[in-house]
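Trainee: Curious how this folds, go ahead:
(2 chains)
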Amino acid sequence: MRRLNVNHLTRVEGNGAITIEVDGKKVKRVRIEIIEGPRLFETLAIGKLPSENLNLVPRICGICTLSHRYASIRAIEKCLGIAVPKKTFLLRELMHHGEMIESHSLHIFLLTLPDLFGYPGAPALADKYEEYLKEGLELKKFGNRIMEVVSGRVIHGENPVIGGFGKFPTEKELLKLSSQARCLIPLISHTIDLLGDSKIPKYLDQETQYVCVNPPKKRYGFSGDSILISDGQVFDAEDYKKVTNERVVDHSYAKRALYNGKPYTTGAIARINNLGDRLNGMAAEYYHKYWNNRWKKNPIFNNTAQAIEILYCLEKIQELIDQIIALRNHKIIKPKKENGTGTGLVEAPRGILFHSYEIKNGRMEKSDIITPTGQNLDDIERYMRKAAEHLLEKNEKDNEILRQLEIIARAYDPCISCSSHLIRVVRK
Amino acid sequence: MIKEEVISELSRLVNSNNIIFVGLGNRNRGDDAAGLKLIDDLEHINPGLFISEEKGIESIILRIIGGEKNQKIIFIDACDLNASPGDITFMRLENINDNRISSHRLPISTLISLLKNKGKSAYLLGIQPFSLKFGNGISGSVESTLRELEDIIRKNLKN
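Mentor: Residues are numbered from 1 along each chain as shown, chains lettered A, B, ... in the order given. The predicted model follows:
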């Protein structure tokens, strides 16, 4: 028996490790160990005012900060009976699309492309592929700028509040964003071609289940009040536990999720697989150009799915801004009640995010937060097992096996402590 | 008072004009704003040569990888030198042992490796702070050093 270890998953947020126990050519056990300490945010929220909770929970993550804020706002407003005007809804969508661009471009250009070009990391791209480095940074900068304009800051913006916005961005600021979005489309288009034309090994192919938010009116998007599964089932947001079925495992501080007793995947690939036929414009053209049935079986396609989503966002942002500037600013909508329950659903860049609360006498009584990476972990382990079995059968060296496992981890863009460059192989 | 050898080395680099100053820090934390303040005071002379952290890491990288070869990048920041407030250090940054990984920040070692790939070199102009407390302004001793640095840079850019 011997163990293959990735002791420090790098380029994700937090600390994680991968351990594979091997007996001859048989894989005995695959474990992703989330060794980051418990965060306790759900407990910290108890007794707080909803507005305090709203400032607390985005600190769960510095990358998907606005996804947490948006999910939290949606849950609180359900609890307190607040219905916001269309302008606020559209501005929240705009900020959320900005976060999606920032996060996806960080992942694609700085974390994934080095693998594709055979470089050890993003700085080395400056050697022969400086154009991609520059394009990634331009897109990331643009995503940040949207968040800054709408939410007030690049990270942990406080401008989106319960019932509206502290301050509405000006028409001039919004029109500039719209114009920039239009100019950036060629940058992502040729990266979709690069990723779409790249060869993805078939040995990883195996069926899985995909879970995402079901945006209303048969639209593509990142928010909604129901959950869509790749088997066609739709669940109301309040029934989210029927989908997630969380459990604790002994080797990790992250809870795991199973739907129908089986692992599932969430994230860009789940959205594209479940909702891709709802895309419009150039994003739809690229979807039809590159999507095929293998996308339902292989998580590496998540990279291309993210690139298509960046294009979708750049197109959608222009549409959102046209709608936003036609609407009047409004005052913050006050709560109608002090008690209630509600679940806020949004798609974070890495997948479906749940914030479910109970508010009693104007204070947080219960909080349940389920993040995408926790939901993906069982499926990541399953795909790693499949890869390891194949590579051991082919007598690949340990370093190559571990490199391939890093690529799988990276494809999921996990929000724990990303892919793996600091590797040690322990033989027993 | 800034030491003569620092004035001489800084003047030589600035005089080449193949240089970019990058101001780092936090405007809300007393003397930590030193790097940003120096950029505020100088960028109107030639905006292409000065950039602050507040423009975002992406803008900084785009600026520094886009310039000419052999360019010198000078990072200005508050630095605990175990010295008197306002004292400065000026050093070339090489082989920094900083491999902290975060999706929020680019490790300085990674940035230096990027600069090396582009045939550029990095320097640190570190200023000993008096206080980094929230809400404090820049202290008198650090302010005085900033004025001296501003004079050196202005004088040599003109040349």
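Trainee: okay, and for chain B, where does confidence drop off?
Mentor: Residues of chain B that meet the criterion pLDDT under 70 lie in B:95-107, B:158-159.
Trainee: which helix in it runs the most residues?
Mentor: The longest helix of chain B (DSSP state H) is helix B:140-158.
Trainee: residue in the stretch 151-300 of chain A nearest to chain B?
Mentor: Closest residue of the stretch 151-300 of chain A to chain B, C-beta to the nearest C-beta: A:Val154 (6.8 Å). C-beta: built from backbone N, CA, C; applies to glycine.
Trainee: And the helices in chain B?
Mentor: Under DSSP H, chain B gives helices at B:4-16, B:34-42, B:57-66, B:108-117, B:140-158.
Trainee: I figured the residue of the stretch 151-300 of chain A closest to chain B hits A:Met147, correct?
Mentor: Yes. Contact criterion C-beta atoms under 8 Å: A:Val154 and A:Met147 qualify, at 5.7 Å.
Trainee: For chain A, which residues score under the pLDDT cut-off?
Mentor: Along chain A, the parts satisfying pLDDT under 70 run over A:6-16, A:35-37, A:416-428.
Trainee: And the residue nearest the centre of it?
Mentor: A:Arg350 (1.5 Å; C-alpha atoms, centre = their mean).
Trainee: Tell me which residues touch it, please.
Mentor: A:64, A:103, A:266-267, A:371-373, A:376, A:412-415 (C-beta atoms under 8 Å, 6 or more residues apart in numbering or on different chains).
Trainee: go with 10 Å
Mentor: By C-beta atoms under 10 Å, 6 or more residues apart in numbering or on different chains, the contact list for A:Arg350 reads A:12, A:61, A:63-64, A:67, A:103-104, A:107, A:266-268, A:302, A:306, A:371-373, A:375-376, A:412-415.
Trainee: ditto for A:Glu207
Mentor: With C-beta under 10 Å, 6+ apart as the criterion, the residues that contact A:Glu207 are A:230, A:262, A:296-297.
Trainee: make it 6 Å
Mentor: A:Glu207 sits next to A:Lys297 when contact means C-beta atoms under 6 Å, 6 or more residues apart in numbering or on different chains.
Trainee: Now it: phi and psi?
Mentor: Per-residue torsions, A:Glu207: phi -70, psi 150 (degrees, to the nearest 10).
Trainee: about what we covered before: next up, phi/psi of the residue nearest to the centre of chain A, please.
Mentor: phi -90, psi 0.
Trainee: Measure how buried the residue nearest to it when sequence neighbours are not counted is and give me the count.
Mentor: Once flanking residues are discounted, A:Arg350 sits nearest to A:Pro372: 4.1 Å by C-beta to C-beta, 6 or more residues apart in numbering or on different chains. By the criterion of other C-beta atoms under 10 Å in any protein chain shown, A:Pro372 has 28 neighbours.
Trainee: how far away is A:Pro372 from A:Phe41?
Mentor: Using C-beta to C-beta, to the nearest Å, one gets 15 Å for the distance from A:Pro372 to A:Phe41.
Trainee: Quick check: which of the helices of chain B is nearest to A:Pro50?
Mentor: Closest approach to A:Pro50 among those (C-beta to C-beta): helix B:57-66, 33.4 Å.
Trainee: and the closest one, what does it pack onto?
Mentor: Contact here means 3 or more C-beta pairs under 6 Å, 6 or more residues apart in numbering or on different chains; DSSP states H and E; on that basis helix B:57-66 packs against helix A:130-151.
Trainee: pretty sure B:Cys79 contacts B:Leu124?
Mentor: No. Counting by C-beta atoms under 6 Å, B:Leu124 is not a contact partner of B:Cys79; they are 7.2 Å apart.
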